[in-house]
Structures are given as structure tokens and as C-alpha cells.
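**Student:** okay, structure incoming, though there's no sequence with it:
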């Protein structure tokens, strides 16, 4: 109740009226009191002035000798019973009461004015200095409030003959003020009662529509969206009702559209050829389409069941968004799947998880194996005749009785047989890597010597194109744990590509550094670069960015593929970045020792 808008509205309304009535009442009482006291003061001054003006002897005669006449004068004057007038003269340099309208005073006995309990000494002394003065004494005789007023009487020569001291009881004034205060108090109470009643009805007219909207909103929160409120006014409350009705209308429309889209997505989701999983940040399954359930052998009660992502070769850290996206390949029940995963999340990351898609690549995998087998078999079959052709062509070239045209033909045969021999060698090496028969003998290799050896092999090619080679190798770089022949083949492939695809007088930078675990080698050039559309395919076998130019430069499209496979077989990694027309950067990492 005390937290309701109605109670707070009535309380504020009540306090507002109370504060206003209190301020107004205080102002009225104060002004009434001031006006009444000013009225009394004015009457007192008029009485004293009239006494002075009608009694000329007061200014000319000695008051001590005229005290009887003074007594008759002031007592004959018509004043209120609550008022008292004292005639005070200076006798032997002491102010003495010589006459008074008070019945308690003995006019035959001179009494000191300064010690009289009904008089104020400071007013008397100030009056004998020639000043009129006044004051209000609070709680004086009989605990009554009184107004005191003194008036000096001057002779024609300016000498003070005496003073008239008048007191007036203010009880009547304060009685009037108290009655006015009581009236205002009753009026305030009545106003507060009326205010509370009016405030209740006004608050009810405001809160009832709000309560109605609240009840309707509560029903909507429970799923009943067919709610409307009756609008009975055109004020802010009416606008709230209109907006609520508009909200329910738009919400129903949005929900209908959402349900339609959900139905579409569910249909697509259930009938798509790929398997789809949805997993939250607690690694619990929240959704799986029929294909995914079939692949993973999940029953119908799979929801909220913990799922081990490591079974799919997926390792994620939900605190690092970059780990939530990637792809891998996996064999499940003699079938091969390409797995892609990416995060789903709200803008504030309050709900985070990943979507996993299973793409059946069994047919492609089998075709790839058939292709590898075919290439391996063909390579083995071609190796012998190519070697024979190369041997015979070299033998014929050694003959001295050949004419120039015969020499030219034999050189072409020899060059082509060399190119075919290199191609067959590359294919056989890839075949060995694919089937795991490639023998790797890991040993500790000096990093600087390995780079230098590769550059020595390519020295002629570098000098022919007039390239500038920049070496940046740390002095304390660690050795590489790798196979010497494989490492040399990787470095030659990478550096030769930089040489081939960089225009003459280009710059090639080779940098190397290490940490406690790996040795990192980078090869950067300012060559022709690789278009962005080709970057994802650059490691595919036989793939060439510009086929005509690659053939002219002796490329087979196998160099990067061999380099990457050899690097990974030695426990390292190879990454490539390139901008077309600017240059290419290749990053190699190997195990350190």
C-alpha cells in the first residue's frame, strides 16, 4: 500500500496543502499580531500626547509640587482598565514615581522608579536622556505580556520636567491571535480532510487505468497477447492506453512474422542435407537437426545434454571470440565430414554459443584418394621412361658430330625431361607424405646456416634478377628441430617463389627469431602479390594464380603445397599473407631446440 502511486500521490497532495496552509497561517497570525500591537501602541501614544497637550502645567511647573494635580489629571483620563500610566520625576537625581493610575500605588509615598517591578529601568533612563522609547515585556507581572511606552516632557527651555510611563496589557491582543490561530488550525484540518478525499478520487482516476494496463501486461507476459484496454480520456492516461493497444497490435504482428520465419527456418533446418548442432557456452546441446542426430547417434532427449567438443576436434575458449570460429575434418563411422563452426551471440554477449555444421565430404574424400593413387601410380610409371629419355638425350648431346639443329632439338628434349623429372619427383614426394611413408629424420639444425644454404642454392637466380636480399636473424636464435633435407626444400621453395614473382631489382627480406618453444622465419617481398580471391586456394595442388606466367617461370603449382605439408610433418606451420600489387609475406614456424 505504502509503495503505491495512489498513496504517494495523496501524501504529496496532503503535504502540499499542509505546507501551504501552515505558511499562510503563520503569515496571517504574524501580521495580525503586528497590527494589533501597532494599534495598541498608537492608542498609548495618543493618550500620552493628549495628556501632555491638555496639561500645560506639566511643562512649566515642578512635578513634585504638582503631584496631586498630576494624579487627578492622569486618573481622570479615560484609558482601559488594563492600561497604567506612571508620572515619574527626578528627585535628588533619582527617578521617583510621583503619581500613577494604579490602585496599588500610594501617591503619598515617593517610590523609586528603577526598582519598581512593573517598570523597565532602561526605558526610564533612556527617557530622561530625552528619548521616547518602547518595548514589549514577555512574561512580566503575573506572567502577562505588556507593552511599555515612555515619553519625556520638556519645559519651554528644553529641560526635562519628568516622564510619562504607560503600560498596556496585551492579553486581549494575544487572545485575539490565539482565537485566529485556532480558527486557522480548524480550517487547515478541514482543508486536509477535503484534500485527502479529493486526492483519493483524483489518484484513483489516474491509478485505475494504470492498474488495468498492468493487469493486461501481466496477462501478456503469460502468453496472452490478445489484450486491449478501454480508452476513456484524451489525456496522458488516454495516450498510454492508445500506445498499449498499438503495442499489442504490433506485437501480435511481429510474433506472427516471427513464427512464420521460425517455421521456415525449422523446415530448412530439418530438411537440409548438412547436419547442424547448436551448443551453448556450457557445452550443452540446445538444438540438432535430424541429420546431425543421425551422424552423432543422438536420441530424441538430447537437449541440455553435455557434449564433448573435443570429439569433433574442436577446442574453444568462450572468453576468446577468435577461438569460436574455424573448421576441421573428421571421420565418423567410415564417413568423412568437413566441420565448420562459428559463434552466435547477442550484442551484449549475454548469450553465447556456437553453431556447428557437418558437411559430408565422403565422396570428395574418396575421389581425392583415388586422385592421389592415380597420380602416385602414374608418377611411378613415368619415372623410368623420363629417366631413360633424360639419359639418352644427355648421351646424344655429348656427341661431337651433331649439327646445330640436332643440338637444339636434343636440348629441348633434355630441358623438358628435366622439368618432367622435377614434376614427377614432387608428385612422388607428395605421395609419400600423403601415405605417411616419407621418412623424416629430425636433428638440430643451425637456423642461420639453413637460411644461408638455401640462399647459396638460389644465388644464380638472385644475381640474374638483381634482387636485394636483407637478412635479419637474431644473434641468439635457437636451432631448429627438423629434417635437414625437408627444411632445405621448404626454404628453397618459399624463397624461390619470392625471387620468381618479384620484378628485377626487387627487395626480399628474410627475418628469423625464436622463443622458448619455436623458431619463426618470415620471407617478405615487394613482388606482384596474390589477388584476395586466390588466397584460399593457393595451397591447392597444381593451382596457379596466373597459369601462363607460372609456366614461363617453371612453376608446377606444387611448391607451396609441398612446403606446407613438409612443414606440418615436422611439427611446424606455414601461413601466407599477400596484397595484390604490393607483395607477399610467408610466415614459417618450426620446433626450437
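**Tutor:** Looks like it arrived, so ask away. Quantities reported herein were computed from a predicted structural model and do not represent experimental measurements.

**Student:** partner strands of the helix or strand hosting residue 95, with direction?
**Tutor:** If you go by DSSP states H and E, residue 95 is part of strand 94-100. Sheet pairing of strand 94-100 (DSSP bridges) gives strand 83-91 (antiparallel), strand 111-112 (antiparallel).

**Student:** just the strands in the stretch 301-450 of the chain please.
**Tutor:** In the stretch 301-450 of the chain, the strands defined using DSSP state E, counting those that start in this stretch lie at 326-332, 335-345, 352-360, 442-445.

**Student:** could those go into CSV alongside mean pLDDT, distance to residue 310 and mean neighbour count?
**Tutor:** Glycine gets a C-beta too; all of them are placed from N, C-alpha and C. CSV is the format used below for these (pLDDT from 0 to 100; distance: least, CB to CB, whole Å; neighbours: other CB atoms under 10 Å):
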stretch, mean pLDDT, distance to residue 310, mean neighbour count
strand 326-332, 85, 11, 13
strand 335-345, 86, 12, 16
strand 352-360, 88, 13, 19
strand 442-445, 91, 27, 15
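
**Student:** relative to residue 400, which of these is closest?
**Tutor:** strand 442-445 (45.2 Å; CB to CB).

**Student:** which one in the protein is furthest away from the centre?
**Tutor:** The C-alpha centroid of the chain is most remote from residue 65, which lies 97.8 Å away (CA atoms, centre = their mean).

**Student:** surely that residue forms part of a helix?
**Tutor:** No - counting by DSSP: H, G, I helix; E, B strand; the rest coil, one finds residue 65 to be coil, located in no helix.

**Student:** now it: how far from residue 286?
**Tutor:** 121 Å (CB to CB, to the nearest Å).

**Student:** the stretch 201-350 of the chain: helices as residue ranges?
**Tutor:** In the stretch 201-350 of the chain, the helices defined using DSSP state H, counting those that start in this stretch lie at 236-271, 290-296.

**Student:** any idea which of those helices is most buried?
**Tutor:** Mean neighbours per residue, mean count of other CB atoms under 10 Å, is largest over the helices of the stretch 201-350 of the chain for helix 290-296, with a mean of 17.

**Student:** residues in contact with that one?
**Tutor:** 270, 272-277, 288, 298-299, 302, 332, 335, 337, 356, 358 (CB atoms under 8 Å, 6 or more residues apart in numbering).

**Student:** for burial, what's the neighbour tally of the nearest residue to residue 67 once chain neighbours are set aside?
**Tutor:** Spatial nearest neighbour of residue 67, excluding adjacent residues (CB to CB, 6 or more residues apart in numbering): residue 98 at 4.3 Å. Residue 98 is flanked by 24 other residues according to other CB atoms under 10 Å.

**Student:** list the contacts of residue 98.
**Tutor:** Here residue 98 is in contact with 63, 64, 67, 70, 87, 88, 89, 91, 107, 110, 162 (CB under 8 Å, 6+ apart).

**Student:** hang on, isn't the first one packed against residue 164?
**Tutor:** No - at 10.4 Å, residue 63 does not count as touching residue 164 under the criterion of CB atoms under 8 Å.

**Student:** now do the shared contacts for these two.
**Tutor:** Between them, residue 63 and residue 164 share the contacting residues residue 87, judged by CB under 8 Å, 6+ apart.

**Student:** which secondary element of the chain has the worst mean pLDDT?
**Tutor:** The helix or strand of the chain with the lowest confidence, counting by mean pLDDT, DSSP states H and E, is helix 547-552 at a mean of 51.

**Student:** tell me the helix or strand right after that one.
**Tutor:** Downstream of helix 547-552 (by DSSP H and E), the next one is helix 559-569.

**Student:** packing partners for that following helix?
**Tutor:** helix 404-434, helix 484-500, strand 573-579 (3 or more CB pairs under 8 Å, 6 or more residues apart in numbering; DSSP states H and E).

**Student:** 10 Å instead?
**Tutor:** Counting contacts by 3 or more CB pairs under 10 Å, 6 or more residues apart in numbering; DSSP states H and E, helix 559-569 packs against helix 404-434, strand 480-483, helix 484-500, strand 573-579, strand 583-591.

**Student:** now what about the shortest one, what contacts it?
**Tutor:** Identification of contacts with strand 480-483 by CB atoms under 10 Å, 6 or more residues apart in numbering yields 438-447, 449-450, 487-490, 512, 514, 518-519, 521, 566-567, 569-572, 588-593.

**Student:** PyMOL command to pick out the buried ones of these?
**Tutor:** Typed into PyMOL, the line below selects the buried ones among these, using 16 or more other CB atoms under 10 Å:
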select buried, resi 438+442+445+447+450+487+488+489+490+512+514+518+519+521+566+567+569+570+572+588+589+590+591+592
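
**Student:** was I right about residue 285 contacting residue 300?
**Tutor:** No - using CB atoms under 10 Å, residue 285 makes no contact with residue 300, being 11.9 Å away.

**Student:** the two: who's more crowded?
**Tutor:** The neighbour comparison of residue 285 against residue 300 (other CB under 10 Å) goes to residue 285, with 19 against 6.

**Student:** could you give the bridge partners of the more buried one?
**Tutor:** residue 279.

**Student:** separation between it and residue 584?
**Tutor:** Taking CB to CB, one finds residue 285 at 43 Å from residue 584.

**Student:** ok, now residue 23?
**Tutor:** For residue 23, the distance to residue 584 - CB to CB - is 86 Å.

**Student:** and what of residue 298?
**Tutor:** For residue 298 relative to residue 584 (CB to CB), the value is 45 Å.

**Student:** ok, the two, which is more surrounded?
**Tutor:** Higher neighbour count among residue 298 and residue 584: residue 584, with 24 against 17, using other CB under 10 Å.

**Student:** shouldn't the more buried one be in contact with residue 495?
**Tutor:** No - taking CB under 10 Å as the definition, residue 584 is not a contact partner of residue 495, at 11.7 Å.

**Student:** what sits in contact with each of these two?
**Tutor:** With CB under 10 Å, 6+ apart, residue 584 and residue 495 have common neighbours 523, 525.

**Student:** name the member of the contacts of residue 98 with the most neighbours.
**Tutor:** Counting neighbours by other CB under 10 Å, residue 162 leads the contacts of residue 98 with 30 neighbours.

**Student:** quick one: the helix or strand hosting that one to strand 94-100, angle?
**Tutor:** Using DSSP H and E, residue 162 sits within strand 160-169. Counting by axes from the mean of the first three to the mean of the last three CA atoms, to 10 degrees, strand 160-169 lies at 60 degrees to strand 94-100.

**Student:** what are the buried residues along strand 160-169?
**Tutor:** Across strand 160-169, burial judged by 16+ other CB under 10 Å covers 161, 162, 163, 164, 165, 166, 167, 168, 169.

**Student:** tell me, what's the model's pLDDT at the residue farthest from the centre of the chain?
**Tutor:** At residue 65, the model reports a pLDDT of 80.

**Student:** dump the residue contacts of it.
**Tutor:** Neighbours of residue 65 in contact, by CB under 10 Å, 6+ apart: 57, 98.

**Student:** next one: it from residue 478, what distance?
**Tutor:** 134 Å.

**Student:** which residues of the stretch 151-300 of the chain score low on pLDDT?
**Tutor:** Applying pLDDT under 70 to the stretch 151-300 of the chain flags no residue at all.

**Student:** all good on my end, thank you.
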